[in-house]
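1. need a structure here:
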Amino acid sequence: MEICIALTSALGCNVQDPEEWPLIAPLPSYGRGRERLGPRHISLIHGEGLNDVVITGDNGTIDGQGRIWWDLWWNRTLNHTRGHLIELVNSTNIMISNITLRNSPFWTVHPVYCRNVVIRNLTVLAPLNAPNTDGIDPDSSSEVCIEDCYIESGDDLVAIKSGWDQYGISVGKPSSNIIIQRVSGTTPTCSGVGLGSEMSGGISNVIVRDLHIWNSAQAVRIKSDVGRGGYITNITIENISMEKVKVPIRFSRGADDHSDDRYDRSALPRISDVRIRNVVGVDLQRAPILEAVHGAVYEGICFRNVSLRVIRRQDRWQCESVYGEAHDVFPAPCEEFRRNGSSWCGHS
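-> Next up is the predicted model:
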């Protein structure tokens, strides 16, 4: 089935009663709604099992009018997981381009179990305190290109995901072969680009380049948790510039965020072969913080040509169970990155 939506003006939704939004089954790789047990609300634009999908316009606008949903979240009266602005499931050959997306109730663009996805020339806007309004979240999807986008949101600008705990492990659909380039924006609570924390199906073969982030919590973050399992490998992050960022690069442990209490506590994430190079940051709060999930060891992490200046609070790197090499890095990295006897990092 082929779908084309062309916008030249504004499209909005005037449904103000959440109970009028249909409920649909949770995604198999999540096992439940992401925020609440049971089913989840459908997205404003939702498609499943589609081929050749085009959503485009001459910078037309789709307004999700998400405030009623944010209020439910803030007031702790949300009964079911919020819907996205755009969600495409089990679909191929997707183009989303040249539009402005505003005020998503939850994640803004969510291709899940999709292949051959191009997301280009989007402007994504949400109030900077709007909860969980991620910009673009490819999830268990492959052959994805995200480029030339401007994003302001209350969560990650771009987050790569692949399922949650034992449900993501069982489904086993990785996110792979993804390019994110020429993305800019701000998020005061989260990251310019995040990998995880829902990464139980695996994430591999990712290139992030030409990223510009300001007034944000982190520029780049790799996040996981005990019970996630999965892997993050063969990741290249390069040509990153940032200003007024709290932590420029962060590998973080989860906050005990699980689908239910049946997750496998022995399922640890495997993080390896991550190359971070050509990074410039000024007016930062801290040096990088690199912490593996308890019980895991992250290896094969390469930093090259990294300059982080005007660090206001803590200019010493913080590392725990994360190992690799660093070349031409300022300020000096932690001891785990000072064993530079090989060439795999210095000349990559």
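
2. Which parts of the stretch 201-348 of the chain are helices?
-> Along the stretch 201-348 of the chain, counting by DSSP state H, counting those that start in this stretch, no stretch forms helices.

3. Any stretches of it with poor pLDDT?
-> Scanning the stretch 201-348 of the chain for pLDDT under 70 picks out 339-343, 346-348.

4. hmm, 90 instead?
-> The model of the stretch 201-348 of the chain has pLDDT under 90 over residues 254-256, 310-315, 338-348.

5. show me where it has strands.
-> Assigned by DSSP state E, counting those that start in this stretch, the stretch 201-348 of the chain shows strands spanning 203-224, 231-253, 270-286, 289-291, 298-314, 318-320, 322-330.

6. The first one vs strand 322-330, what angle?
-> Regarding strand 203-224 and strand 322-330, their directions subtend 90 degrees when assessed with axes from the mean of the first three to the mean of the last three CA atoms, to 10 degrees.

7. Check which helices and strands strand 203-224 is in contact with.
-> strand 175-186, strand 191-195, strand 231-253, strand 270-286 (3 or more CB pairs under 8 Å, 6 or more residues apart in numbering; DSSP states H and E). Every residue, glycine included, has its C-beta placed from N, CA and C.

8. Tabulate these (JSON lines), appending distance to residue 121 and mean neighbour count.
-> Listed next are the helices and strands packed on strand 203-224 as JSON lines, based on distance: least, CB to CB, whole Å; neighbours: other CB atoms under 10 Å:
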{"stretch": "strand 175-186", "distance to residue 121": "10", "mean neighbour count": "20"}
{"stretch": "strand 191-195", "distance to residue 121": "18", "mean neighbour count": "27"}
{"stretch": "strand 231-253", "distance to residue 121": "19", "mean neighbour count": "21"}
{"stretch": "strand 270-286", "distance to residue 121": "24", "mean neighbour count": "19"}
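
9. And the strands in the stretch 1-150 of the chain?
-> 3-7, 10-12, 23-24, 40-41, 45-48, 51-63, 86-89, 92-102, 109-112, 115-125, 142-152.

10. Provide the strand pairings for the fifth one, with the direction of each partner.
-> This points to strand 45-48. strand 86-89 (parallel) (DSSP bridges).

11. what pLDDT, on average, does the strand it pairs with get?
-> Strand 86-89 shows a mean pLDDT of 98.

12. which residues are in contact with it?
-> 27, 43-50, 53, 55, 62, 94, 96, 101, 108-114 (CB atoms under 8 Å, 6 or more residues apart in numbering).

13. before we move on, back to that, please convert the strands of the stretch 201-348 of the chain to TSV, extending it with distance to residue 136.
-> Shown next, in TSV, are these (distance: least, CB to CB, whole Å):
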stretch	distance to residue 136
strand 203-224	12
strand 231-253	17
strand 270-286	21
strand 289-291	25
strand 298-314	25
strand 318-320	29
strand 322-330	27
